[in-house]
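> structure, please.
(one chain, ligands or ions: 1)
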Amino acid sequence: MTDIAPRFPESFLWGGATAANQIEGAYAEGGKGLSIQDVTPQGIMFDRVDGPTADNLKLEAIDFYHRYAEDIALFAEMGFKVFRFSIAWSRIFPLGDEETPNEEGLAFYDRVLDELEKHGIEPLITLSHYETPLHLAEKYDGWVNRDLIGFYERYARTCFESYGDRVKYWLTFNEINSVLHIPFGSGGINTPKSELSEQDLYQAIHHELVASARVTRVAHEINPAIKVGCMVIAMPIYPLTTDPDDVVAVMNADHANLMFSDVHTRGEYPGYAKRFFRDKGVTLNITDQDVEDLKNTVDFVSFSYYMSICETADPSVKADGAGNIMGGVPNPRLASSEWGWQIDPQGLRVILNQFWDRWQKPLFIVENGIGAKDRLVEVDGVKTVEDDYRIAYLNDHLLQVAEAIEDGVDLLGYTMWGPIDLVSASTAQMSKRYGFIYVDRNDDGTGSLERYKKKSYHWYADVIRTHGASLQA
Ligand code: BG6
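Residues are numbered from 1 along each chain as shown. As a prediction, the model looks like this:
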């Protein structure tokens with residue numbers, strides 16, 4: 001599968017990634033307000049309910065809010081250089097539109113940062129990971145409303161001023177292109193998807209892009225050493241056949257996703273986007289200030305990578321493959337995870353090259369992993385999970401990352417998704433496990449919340465310690 005002996009640079013940032021709503025719990029503690037996660041008990045792909053309900057596993061999640069010190073110590077023991085986590089916007093601004101922040105919320109993340117510093121782990125913070133304060137969704141219809149730019153700027157400024165001297169790497173919006181598929185989950189847009197016009201959807205996207213660019217400027221003003229990145233779902237799209245119509249269909253599908261990072265990296269809308277808006281009859285309200293704001297381009301591009309999909313112009317072919325937020329036409333040549341996500345390690349090398357060639361900005365893989373059903377067993381009196389399938393998935397993907405580095409891609413690091421089992425975003429299950437660390441919690445909410453090291457825990461520690469030399473070609 002690979003011709004090279006994998007060797008990653010000494011400075012490579014190895015680690016893991018999480019999101020507040022999937023780990024913290026304590027949804028109503030410390031002055032936190034409700035977020036859109038507190039009303040989506042089935043996961044962000046599903047309709048919202050009226051308020052928090054007992055079946056919502058995210059309300060307690062894995063109780064990182066109280067157990068962060070223990071969890072960070074476990075990451076440190078694995079040799080983590082970086083830990084990606086998000087700040088819950090509604091911990092800092094419980095409603096989202098207040099003038100002053102919630103000091104108790106700020107203090108919590110200070111404690112988390114203290115702990116990371118103690119272990120020499122670099123923080124990587126996502127400002128908004130599917131966690132729009134619920135009040136902003138209900139009162140303003142989320143990002144459809146231009147006022148969100150100001151509220152987000154105030155929130156981001158507060159974070160940069162509070163932590164900007166101890167946090168170098170920041171991401172503005174998790175998987176910003178997901179708003180095309182989950183307007184409520186990603187953009188806090190309360191209007192049901194079936195009733196949302198394309199005009200409003202793209203105006204909302206425009207507001208997010210402006211907000212992202214504006215806070216990039218704010219971050220640099222507060223501390224020029226800060227590096228701000230965008231974050232997108234990366235999914236290579238292959239033509240289903242060699243028919244040129246399929247290739248054009250791929251080009252169009254690529255454009256729909258690439259537009260987000262094109263704006264983030266170039267500081268303006270690309271030509272194909274202008275045509276797309278014209279063809280759709282969408283007329284964006286773009287102010288002179290927006291044009292100026294957009295010029296603040298990101299320092300790096302980060303992305304999640306789980307799978308690739310196919311595309312075809314043939315309307316009789318069903319795009320019914322499961323996937324990370326967006327599915328697609330399944331690839332007949334690839335195997336799938338237990339949740340139907342197709343496994344394609346080489347796609348990661350392809351996307352790394354494509355992104356590097358296109359933007360020439362440093363890249364950061366901030367999510368990659370496999371959700372699987374684990375079985376806790378006892379080996380020599382110690383509880384563990386023999387997760388060879390997870391090791392195989394990560395091993396094969398990391399070999400392709402090494403290939404891409406060899407290809408000349410400038411890559412800052414790799415944060416595997418969900419280093420500790422957490423609540424799934426799409427299905428809100430505990431049983432869809434990603435971690436190196438098993439958390440004793442079940443889909444019905446029972447469990448002791450005890451943590452156990454899986455086989456992959458020791459495997460990843462070796463990968464980090466050997467700078468990838470222990471990977472098996
Ligand atoms: C990404 C999200 O979509 O994929 C994460 O940024 C999410 O929040 C991850 O958890 C894996 O998806 P899932 O649905 O298996 O949790």
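> pick out the residue of the stretch 301-450 of the chain closest to the ligand.
Distance from the ligand to each residue of the stretch 301-450 of the chain (CB to the nearest ligand atom) is smallest for residue 426, at 3.0 Å. Using the backbone N, CA and C atoms, a C-beta is placed for each residue, glycine as well.
> just the element for that residue, please.
Under the criterion of DSSP states H and E, residue 426 resides outside all helices and strands.
> hmm, residue 369 and residue 343 touching each other?
No. With contact defined as CB atoms under 8 Å, residue 343 does not reach residue 369; the gap is 11.2 Å.
> who has more neighbours, these two?
residue 369 (25 against 19; other CB atoms under 10 Å).
> Provide a list of residues in contact with the nearest residue to the more buried one once chain neighbours are set aside.
Residue nearest to residue 369 in three dimensions, not counting chain neighbours: residue 417, with 4.0 Å by CB to CB, 6 or more residues apart in numbering. For residue 417, the contacting residues are 16, 17, 304, 306, 367, 368, 369, 434, by CB atoms under 8 Å, 6 or more residues apart in numbering.
> what is the second one paired to in the beta sheet?
Note on residue 17: beta-bridge partners by DSSP bridges are residue 84, residue 417.
> what about residue 76, distance to the ligand?
Per CB to the nearest ligand atom, to the nearest Å, residue 76 is found 23 Å from the ligand.
> and the residue nearest to residue 369, what's its pLDDT?
Note on residue 417: pLDDT of 98.
> please apply the same query to residue 7.
For residue 7, pLDDT reads 79.
> check contacts around it.
402, 467, 468, 469.
> phi, psi of the second one?
Dihedral angles of residue 467 (phi, psi; degrees, to the nearest 10) stand at phi 50, psi 40.
> on that earlier part again, quick check: the gap between the residue nearest to residue 369 and residue 13.
In this structure, residue 417 and residue 13 are 15 Å apart, going by CB to CB, to the nearest Å.
> is it true that residue 211 touches residue 148?
Yes. Residue 211 lies in contact with residue 148 (CB under 8 Å); the separation is 6.9 Å.
> and the contacts of residue 417, which two are the farthest apart?
16 and 306 (15.0 Å; CB to CB).
> in contact with residue 180, which residues?
Shown in contact with residue 180 (CB under 8 Å, 6+ apart): 201, 205, 256, 326.
> most neighbours, which of those residues?
In these, the most neighbours by other CB under 10 Å go to residue 205, 23 neighbours.
> am I right that that one is in a strand?
No. Under DSSP: H, G, I helix; E, B strand; the rest coil, residue 205 sits outside any strand and is assigned helix.
> find the nearest non-adjacent residue to it, please.
Among residues not flanking residue 205 along the chain, residue 179 sits closest, at 6.0 Å (CB to CB, 6+ apart).
> residues near the one you found, how many?
Residue 179 has 24 nearby residues by other CB under 10 Å.
> the one 4 residues further on now?
Under the neighbour criterion other CB under 10 Å, residue 183 is assigned a count of 24.
> so it makes contact with residue 204?
Yes. If you go by CB under 8 Å, residue 183 and residue 204 touch, sitting 7.3 Å apart.
> anything in contact with each of these two?
Joint contacts of residue 183 and residue 204 (CB under 8 Å, 6+ apart) are 142, 189.
> quick one: the spatially most central residue of the chain from residue 128, how far?
What sits nearest the mean C-alpha location of the chain, by CA atoms, centre = their mean, is residue 174, with 4.5 Å. To residue 128, residue 174 is 7 Å away according to CB to CB.
> one more: residue 207?
12 Å.
> and residue 441, by the same measure?
For residue 441 relative to residue 128 (CB to CB), the value is 26 Å.
> looking at these two, which one has more neighbours?
Per other CB under 10 Å, whichever of residue 441 and residue 128 has more neighbours is residue 128, with 27 against 22.
> write out the residues of the chain neighbouring the ligand.
19, 22, 174-175, 304, 324-325, 367, 371, 417, 424-427, 432 (CB under 6 Å from any ligand atom).
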